[in-house]
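A.B. asks: Take a look and give me a structure for this.
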Amino acid sequence: MHVAHLSLQDFRSYATAEVAFERGVTAFVGPNGQGKTNLVEAVGYVAAQGSHRASTDAPLVRHGAPRAIVRAGVVKDDRRALIELEINPGKANRARLNRSPVPRPREILGMLRTVLFAPEDLALVKGDPGERRRFMDELLTIRAPRFAGVRADYDRVLKQRNALLKSAAAHRRSPGPEVLATLDVWDSHLARTGSELLAARLDLVAALRPLVARAYASLAPSSDAVDLTYKSSLGDVELSTDRAQLAEQMLKAVAEHRKQELERGVSLVGPHRDELVLRLGELPARGYASHGESWSFALGLRLAAFDLLRADGDDPVLILDDVFAELDAGRRSRLAELVAPAEQVLITAAVPADVPVELTGGSYTVADGQVVRD
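C.D. replies: Sure thing, here's the model as predicted:
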């Protein structure tokens, strides 16, 4: 799988841009602030329908423009597909596949798969649990696009349940039977959708553990070993991937926390409260890992995601956004060796020297809003 062509209209800093790609390595080189990351961000947006730099779509649209359009020509097994996304902040986005509209943009998820590593990924190690939950859920959706619907259903249930709890807490009195009956209904919905998401995350973590350990050891062979475990808000119970059993455990935990939830007006049980715990040796990586170890751990997570997706049958497009400048010579060389076999690698760098010699291929200079093939 690779991207053959990218076309932008009013995306970030670009009024228009046209870029052709080939298999192998393509580097975008130029001073900071010239739009290199905007190009690879657009590729990632086509794959994930979200940005690694912005939590909403509004910043993706060029100032003064009503909308942005991103088109990507994707080649998979020698078959070509044209994916088009119209980004409409504050309104529904639109999507077209081979110039034909699709009912919902998420129906084209999976047509392009990417793994993107950027400086923001340090938050995977140093940041709050929400960063690691998002990592898991985005990877689940890349592997099986139906999880976009599972996540949307869970978020909808959680929002409704929290609204009911908040309303009950605001009145500062014991809720009546009608409120409790309604809460029971939302408890059931929470358990049903939450168990689906939780089971998938548990499977994912089990698959990632050896891949992360191997990738980290390749990047930092002299460092302590790493590990990751899933910490659930269900309490000290043995977790399986049986959805019915997880739903029962969730309902039990919800019942145990009901008094606290009614007092605080928020849901205290469910995948939204869970944590992916990263360990370096015997210590939690967050707060104890050095800057270099944190970079290597974050890279290990992304490389493990790449290996997992590759095992599914297709090489995802690997995007390395301003990565090599932050690495010492040893880690830089080892990372280059690990990613060189990928079908397509997109790199951004401030200067040519930041691109390892092991990663030779096409190159563009990005400056003054122009993208010029070298």
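A.B. asks: To what extent is the residue nearest to A72 when sequence neighbours are not counted buried, counted in neighbours?
C.D. replies: Once flanking residues are discounted, A72 sits nearest to V46: 4.5 Å by CB to CB, 6 or more residues apart in numbering. C-beta coordinates here come from the backbone N, C-alpha and C atoms, glycine included. The local packing of V46 (other CB atoms under 10 Å) involves 23 other residues.
A.B. asks: Go ahead and confirm V46 touches A81.
C.D. replies: No: the pair V46 / A81 is not scored as a contact, 10.8 Å apart, by CB atoms under 8 Å.
A.B. asks: Mutual contacts of the two, please.
C.D. replies: Common contacts of V46 and A81, defined by CB atoms under 8 Å, 6 or more residues apart in numbering, comprise V74.
A.B. asks: Let's check: the centremost residue of this protein is which one?
C.D. replies: E138 (4.0 Å; CA atoms, centre = their mean).
A.B. asks: Now do the helices in the stretch 201-350 of the chain.
C.D. replies: Assigned by DSSP state H, counting those that start in this stretch, the helices in the stretch 201-350 of the chain fall at 243-264, 291-311, 329-339.
A.B. asks: Ramachandran coordinates for A225?
C.D. replies: Per-residue torsions, A225: phi -70, psi 160 (degrees, to the nearest 10).
A.B. asks: Report the contact partners of it.
C.D. replies: A213, Y216, A217, G281.
A.B. asks: Select from those the one having the most neighbours.
C.D. replies: Busiest of those [other CB under 10 Å] is Y216, holding 25 neighbours.
A.B. asks: so where do the helices sit in the stretch 1-150 of the chain?
C.D. replies: 36-48, 123-126, 129-143, 147-170.
A.B. asks: Spatially, what comes nearest to V351 if we skip its sequence neighbours?
C.D. replies: Per CB to CB, 6+ apart, closest to V351 is V29, 6.8 Å.
A.B. asks: Save the helices of the stretch 201-350 of the chain as TSV, and put in mean pLDDT too.
C.D. replies: Formatted as TSV, the helices of the stretch 201-350 of the chain follow (pLDDT from 0 to 100):
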stretch	mean pLDDT
helix 243-264	94
helix 291-311	94
helix 329-339	89
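A.B. asks: To V115, which of those helices lies closest?
C.D. replies: helix 291-311 (4.5 Å; CB to CB).
A.B. asks: Which secondary structure elements does that closest one sit against?
C.D. replies: Under the contact definition 3 or more CB pairs under 8 Å, 6 or more residues apart in numbering; DSSP states H and E, helix 291-311 sits against strand 114-117, helix 123-126, helix 129-143, helix 177-219, strand 275-280, helix 329-339.
A.B. asks: right, so the ones you listed: which one is the most enclosed?
C.D. replies: Among the helices and strands packed on helix 291-311, the stretch with the highest mean neighbour count (mean count of other CB atoms under 10 Å) is strand 114-117, at a mean of 24.
A.B. asks: circling back to that earlier point, assess the claim that the residue nearest to V351 and Y364 are in contact.
C.D. replies: Yes: with contact defined as CB under 8 Å, V29 and Y364 form a contacting pair (7.0 Å).
A.B. asks: Start and end of stretch 64-83, how far apart?
C.D. replies: Using CA to CA, to the nearest Å, the end-to-end distance of stretch 64-83 comes to 25 Å.
A.B. asks: Name the residues of that stretch that are buried.
C.D. replies: R67, A68, I69, V70, R71, A72, G73, V74, V75, L82, I83 (16 or more other CB atoms under 10 Å).
A.B. asks: The residue nearest to V351 pairs with what?
C.D. replies: Judged by DSSP bridges, the bridge partners of V29 are A349, T365.
A.B. asks: Measure how buried it is and give me the count.
C.D. replies: 21.
A.B. asks: do the one 5 residues further on as well
C.D. replies: In terms of burial, Q34 registers 19 neighbours under the definition other CB under 10 Å.
A.B. asks: and it, what does it touch?
C.D. replies: V366, A367, D368, G369.
A.B. asks: measure it to V40 for me?
C.D. replies: 13 Å (CB to CB, to the nearest Å).
A.B. asks: now swap in D57 and tell me
C.D. replies: Going from D57 to V40 by CB to CB gives 17 Å.
A.B. asks: who's more crowded, the two?
C.D. replies: Comparing D57 with V40 by neighbour count (other CB under 10 Å), the higher total belongs to V40, at 24 against 20.
A.B. asks: Quick check, pLDDT for the more buried one.
C.D. replies: In this prediction, V40 carries a pLDDT score of 95.
A.B. asks: again with D314
C.D. replies: Checking the pLDDT column for D314, the value is 83.
A.B. asks: Same question for A169.
C.D. replies: Reported pLDDT at A169 in the predicted model: 82.
A.B. asks: Now for it: which residues touch it?
C.D. replies: Residues near A169 by CB under 8 Å, 6+ apart: L262, E263, R264, G265.
A.B. asks: R286 versus the closest residue to S294 other than its chain neighbours, what's the distance?
C.D. replies: Closest residue to S294 apart from its sequence neighbours, by CB to CB, 6+ apart: V125 at 4.4 Å. To R286, V125 is 6 Å away according to CB to CB.
A.B. asks: Over to F11?
C.D. replies: Distance from F11 to R286, by CB to CB: 34 Å.
A.B. asks: okay, these two: which has more neighbours?
C.D. replies: Neighbours were counted for F11 and for R286 using other CB under 10 Å; F11 has more, 27 against 20.
A.B. asks: surely that one meets A42?
C.D. replies: Yes: F11 is within contact range of A42, at 5.6 Å (criterion: CB under 8 Å).
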